[in-house]
Each structure stands twice: as structure tokens, then as C-alpha cells.
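Colleague: Predicted model and sequence below, questions to follow.
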Amino acid sequence: MKPHNHSSAVTEFVLLSFSMPWPWDILFFVLLLAIFTLTLTGNLLIITLVFKDHQLRTPMYFFLCNLSILEILFIFSVIPKLMENLLSLDKTITFWGCITQCYFYFFLGIAEFFLIAVMSLDRYVAICHPLHYHLIMNKRVCALLVLGCWLGGCLFPLSSIILLSRLPFCGPNIIDHFFCDYAPLVRLSCIDTNLLLTIESVLAAVVQASSLVFTLGSYAYIISTILRIRSSTGRQKAFSTCASHITVASIFYGSAIFMYCLPSQGRSPDVQKAVGMLSVVVTPPLNPFIYSLRNEKVKNAMRDFVRGKKISL
């Protein structure tokens, strides 16, 4: 398969979203608005607390702050357009708007995979090498790790998106999805795109597998270290420092594995939409609540913030 250099005949796409009666569209819009507001508020609160409370100015919360930024940008890449389509008769999106949405969806998703793995490394150093933690996870190392996550997310899908943008689209221009996902978009091309779909599945598997293996490896060492602690109080304290990340990582990888348990070629439009909703709507709101409910430092900082107390700078 060779990408074509000529410009596409299609200048816009139609996002079918969900075929529902008008009242259900309104109800779904209200639900999405609530989830969007909840996700935005929760993650902005986490970012605010990390910046204002000196007790949260540690590598763990620096990574958490970046995770919250990624979650905010992630929902902004999909949900506003979906909400607009629910209320509008015009469900079109421009060609380059669609390509851009597809790129940011994968850019931010891949960056999250890398960041989850980096957070597991942070917990490994904290549990297995506590005396050297601040020496190893210094500001420069943390900044480079986060920069690597953002750059990796930015560059990894770039070649696939460039190839996608050069495909000829002669019509039809109807995408049976609620956002410009890669596989439904590629299938609209005038040429055979099985190779591109295979490459997409392989790249997705590589990103997920590498991140998952790294995280599992880190936690294998962490669990081994915790089990060697003689005091039950010490074991409980050590486990509590990584409980929130374990929960977030389990949900994140669980949803991702479910999303890609079928290859792109084998997913029906309904399955495609269902797994898309899982990643775009269900997972993002969970991050701030898991960390606020399971983490005493975050809960204390939040109580002070809600009560209007001056948070130490």
C-alpha cells in the first residue's frame, strides 16, 4: 500500500455518534456534561493542591499532577465535539479537524501509558531504595522522565497519522463513531488499508505491552520487598504508599486490554463505540477520586482547601 500525494476529494466527515431519539440525546448530553465537569473539577483540584501544598511537592505528586493535565486534555480532545453533535443537526467535522482529533487522542493516550509506567518506577524506588529516593528521583530526573512521556506520546503516533492524512478519501465520508478514531477513519479510504490497520494494532500492542511489563516488573520487586518487612505496620505503611497507583494502573490497563482484545479489523461499530466510551468517559473521572479517597496527604490538603485554611507554600 502506497499513500497518495494528491489531495483528498473529501473535505469533511460526518460523525454518526449514537442513533438515539432526541430526548435520549438530551439526557446523554446532560450526563456527559456532568462527567466532563466532574473530571475537569477533580483534576484541576489535584493540580491546585499539588502546587499550593509543600507536603505534596514530591516526585509522586509531580507525576500525579502531569497525569491530571493529561486527563484534562484527553477529555477536551473528544467530549466537547461529541456534546456539540448531540445537540446539533450538523454532525460534520472538517478533514483536518478529524485528523487533528485522531492525533491528540492517541498522543495523550500513549503519554498516559508511559506516565503510568514512570509512576510505578517512582513507587519502586520509594519502597525498594528509600534511603536513596530523593537522590535518585531528583528534580532533574523527574523532569526528564515526564518530558520523555510527553515526547513519546507526541512522536509515537506521528508516522501513522501522517500516513493517514495522505490517504485518498473519495467517499463515502460517514464515520460510524462518535469521534475520529483511527480504524473507522482508515476504512473510509479508497485503497486497501489492511496493512495500516495491522500496523496500528501492532503499535498499540507494543505500547501497552511495554508499559504493562515495566509496571508489573516494578511491582514484582515492590511486593517482594514489602513481604520481607518484618513489621506488619511497616508492611501496611509501605503498601499504602502505592495503593492509589495500583488502583489507577489496574483500571487503566484493564480498560486498555478490554479495548484492544480484538484487532481493529474484527470490531463492529457498536463494539468500537463501547470501548471508546470506556476510555473517554468512564476512566478519566476516576483518577482524582481514587487519589483523594485513598491518600491521607491529599485528603488533608483537600480538607484545608475546602475549609479555607491557608495551605503551606
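Modeller: On my side now, so go ahead. Numbering: from 1, shown residues only.

Colleague: Next one: the closest residue to L16 other than its chain neighbours relative to L82, how far apart?
Modeller: Nearest residue to L16, sequence neighbours excluded (Cβ to Cβ, 6 or more residues apart in numbering): D176, at 5.0 Å. For every residue, glycine as well, the C-beta is placed using N, CA and C. Here D176 is placed at a distance of 14 Å from L82 (Cβ to Cβ, to the nearest Å).

Colleague: H132 now?
Modeller: Following Cβ to Cβ, the distance that separates H132 from L82 is 47 Å.

Colleague: Likewise for I26?
Modeller: 14 Å.

Colleague: Repeat that for S240.
Modeller: Relative to L82, and taking Cβ to Cβ, S240 is found at 38 Å.

Colleague: which of the two has more neighbours?
Modeller: Remark: of S240 and L82, L82 carries more neighbours, 23 against 12, as counted by other Cβ atoms under 10 Å.

Colleague: in what helix or strand does the more buried one lie?
Modeller: Assigning secondary structure by DSSP states H and E places L82 in helix 59-87.

Colleague: Let me know the next secondary structure element after that helix.
Modeller: Helix 59-87 is succeeded, C-terminally, by strand 92-94 (DSSP H and E).

Colleague: Show me the strands paired with that following strand, marking each as parallel or antiparallel.
Modeller: Next to strand 92-94 in the sheet, as set by DSSP bridges, lie strand 12-15 (antiparallel).

Colleague: List the buried residues of the partner strand.
Modeller: By 16 or more other Cβ atoms under 10 Å, the buried positions in strand 12-15 come out as F13, L15.

Colleague: and the residue nearest to M119 when sequence neighbours are not counted, what does it touch?
Modeller: Nearest-residue entry for M119: F63, 4.8 Å, with adjacent residues in sequence omitted and distances by Cβ to Cβ, 6+ apart. Neighbouring residues of F63 by Cβ atoms under 8 Å, 6 or more residues apart in numbering: L115, V118, M119, D122, C142, L145, V146.

Colleague: Now do the contacts for the fifth one.
Modeller: Taking Cβ under 8 Å, 6+ apart as the criterion, C142 is in contact with P59, F62, F63.

Colleague: Show the backbone phi and psi for the most centrally placed residue in the chain.
Modeller: Nearest to the mean C-alpha position of the chain, counting by Cα atoms, centre = their mean, stands G109 at 3.9 Å. Phi and psi for G109, reported as degrees, to the nearest 10, are phi -60, psi -40.

Colleague: hang on, isn't it packed against S279?
Modeller: Yes - under the criterion of Cβ atoms under 8 Å, G109 makes contact with S279 at 7.1 Å.

Colleague: For E71, which residues are in contact?
Modeller: T39, N43, E112, P284, N287.

Colleague: Sorry, wrong one. I was asking about I246.
Modeller: Neighbours of I246 in contact, by Cβ under 8 Å, 6+ apart: Y219.

Colleague: what does the model give the residue lying closest to P80 once chain neighbours are set aside for pLDDT?
Modeller: Excluding the flanking residues, the one nearest P80 by Cβ to Cβ, 6+ apart is F36, at 7.8 Å. pLDDT recorded at F36 is 91.

Colleague: what packs against the helix or strand that F36 is a member of?
Modeller: Assigned by DSSP H and E, F36 belongs to helix 22-52. Helix 22-52 is packed against helix 59-87, helix 286-294, helix 296-307, with contacts defined by 3 or more Cβ pairs under 8 Å, 6 or more residues apart in numbering; DSSP states H and E.

Colleague: Distance from that helix to the middle of the chain?
Modeller: 15 Å (Cα atoms, centre = their mean, to the nearest Å).

Colleague: which residues of the stretch 151-300 of the chain fall in helices?
Modeller: 158-165, 182-186, 194-227, 232-259, 269-277, 286-294, 296-307 (DSSP state H, counting those that start in this stretch).

Colleague: so how many other residues sit close to A220?
Modeller: 11.

Colleague: and the gap between it and F95?
Modeller: In terms of Cβ to Cβ, A220 sits 46 Å off from F95.

Colleague: And C190, by the same measure?
Modeller: 14 Å.

Colleague: So which of these two has more stuff around it?
Modeller: F95 (17 against 14).

Colleague: who's in contact with F62?
Modeller: Taking Cβ under 8 Å, 6+ apart, one finds V50, C142, V146 in contact with F62.

Colleague: Now with 6 Å, please.
Modeller: C142 (Cβ atoms under 6 Å, 6 or more residues apart in numbering).
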